[in-house]
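>>> Here is my input, please return the structure:
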Amino acid sequence: MNSASQFFADYRLSFPPPSTFYAQTLRYLESCIRGQPRTLLDVGCGFGYFLERAAAGGWRTMGVDIVPEAVFEARKRVPSARLFAADLRGAGLAAGSLDAITMWDVLDMVPDPAAELVECMRVLAPGGVIGIRIRNVASQLWLYRCFSSLTGLWRTLEIKPLHVFHRYNFTRRAIEQLLAHQGFVNLVVQNSPLTTGDPYQYSSIGQVAGLGKSLAAAVSELVYRLSHGRFIIGPSLLVWAQKP
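Numbers count the residues shown, from 1 in each chain. Presented below is the predicted three-dimensional model:
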């Protein structure tokens, strides 16, 4: 096995698919788009875990990813999917051809988020839905500052430093304005369900990270509900929008 193959094998083991998140987001999409057949594009599809779940639910599936090795693995996992080793614009998809687009932890990594959303608007059919998960920079800044103020404690506990910022970082207001500017409507922003466990191996102490994430998720959801959606303090935002 060459070094690239070993890297991706290790990556798959370190980052298990977030099954609960996938199930929840697919239920939401199915509630919005009831007609058949329906086509979903996963931007940054990786190894095809989400596409696999979507295909099992009756969706026509498509995916794009800039990592050829990931696309190769996705083709084996979801033979029925139409996959491109390219970015979104490089795939050359037809205008109005998609019922749904998902971008899980992608929009804050692309070179130009606004241009990415312009292309999403072009390829979505009228009434089509886009789902986006991004880091909540308001929460991440608070988390980073708290972590930095207790550096000595984390070293004692052998917990690695947090790396929480991406190329672009969004507040709730920023992502709402960006989507609205591109013409999207019916915006919904909420706490994103968190993945389980400790995929980044921050701690060597058993289930510390997993327990911390479970507590953070519970507190974030409680604040969201008590404030009737005004305050979103979770580490990631789940954003939905629709093409008119």
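
>>> got a list of what D99 touches?
Under the criterion of Cβ atoms under 8 Å, 6 or more residues apart in numbering, the neighbours of D99 are I33, G35, R38, T39, L40, L124, A125, G128, V129. Every residue, glycine included, has its C-beta placed from N, CA and C.

>>> so which of the residues you listed would you say is closest to S227?
V129 (25.2 Å; Cβ to Cβ).

>>> Name the SS class of the closest one, please.
Reducing the assignment to helix, strand or coil with DSSP: H, G, I helix; E, B strand; the rest coil, the entry for V129 is strand.

>>> ditto for E176
When states are read from three-state DSSP, the local structure at E176 comes out as helix.

>>> Same question for A100.
In terms of secondary structure, A100 is strand; the call rests on three-state DSSP.

>>> The contacts of D99 in strands, which ones?
The members of the contacts of D99 that map onto strands under DSSP state E are T39, L40, L124, A125, G128, V129.

>>> Isn't the second one up against L98?
So that's L40. Yes: counting by Cβ atoms under 8 Å, L40 sits close enough to L98 to count as a contact (7.2 Å).

>>> So if I had to pick from these two, which one is more boxed in?
L40 (26 against 23; other Cβ atoms under 10 Å).

>>> Now do the helices in the protein.
3-14, 19-32, 49-56, 68-77, 113-123, 137-149, 151-156, 172-181, 208-226 (DSSP state H).

>>> Chain neighbours aside, what residue packs nearest to the residue positioned nearest the centre of the chain?
For the chain, the residue sitting closest to the mean C-alpha position, by Cα atoms, centre = their mean, is W104 at 1.8 Å. Using Cβ to Cβ, 6 or more residues apart in numbering and skipping the chain neighbours, the partner closest in space to W104 is R133 (4.7 Å).

>>> What residues are bridge-paired with the one you found?
Partner residues in beta bridges with R133: W104, L238, with DSSP bridges as the criterion.

>>> For it, give me its contacts.
Residues near R133 by Cβ under 8 Å, 6+ apart: F21, M103, W104, D105, S192, S236, L237, L238, V239.

>>> The same query, at a cut-off of 7 Å, please.
Contacts here follow Cβ atoms under 7 Å, 6 or more residues apart in numbering; on that basis R133 touches W104, D105, S192, S236, L237, L238.

>>> ok, back up a step: save the ones in strands among the contacts of D99 as TSV, and put in pLDDT and distance to R60 too.
Written out in TSV, the entries for these read as follows (pLDDT from 0 to 100; distance: Cβ to Cβ, whole Å):
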residue	pLDDT	distance to R60
T39	98	4
L40	98	7
L124	98	14
A125	97	12
G128	98	13
V129	98	15
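
>>> now P126, nearest residue through space, not along the chain?
Here the residue nearest P126, using Cβ to Cβ, 6+ apart, is K243, at 6.0 Å.

>>> low-confidence ranges in the chain?
Filtered on pLDDT under 70, the chain yields the residue ranges 1-18, 140, 142-166, 194-214, 216-217, 220.

>>> hmm, 90 instead?
Within the chain, the segments meeting pLDDT under 90 span 1-21, 34-36, 135-169, 191-236.

>>> Mind listing what's buried along stretch 65-76?
D65, V67, E69, A70, V71, F72, E73, A74, R75 (16 or more other Cβ atoms under 10 Å).

>>> What lies in contact with it?
If you take Cβ under 7 Å, 6+ apart as the criterion, stretch 65-76 is touched by 4, 8, 44-48, 51, 63, 81, 83, 85-87.

>>> now, among those, which is nearest to V188?
Taking Cβ to Cβ as the measure, V188 lies nearest G44 of the contacts of stretch 65-76, at 20.9 Å.
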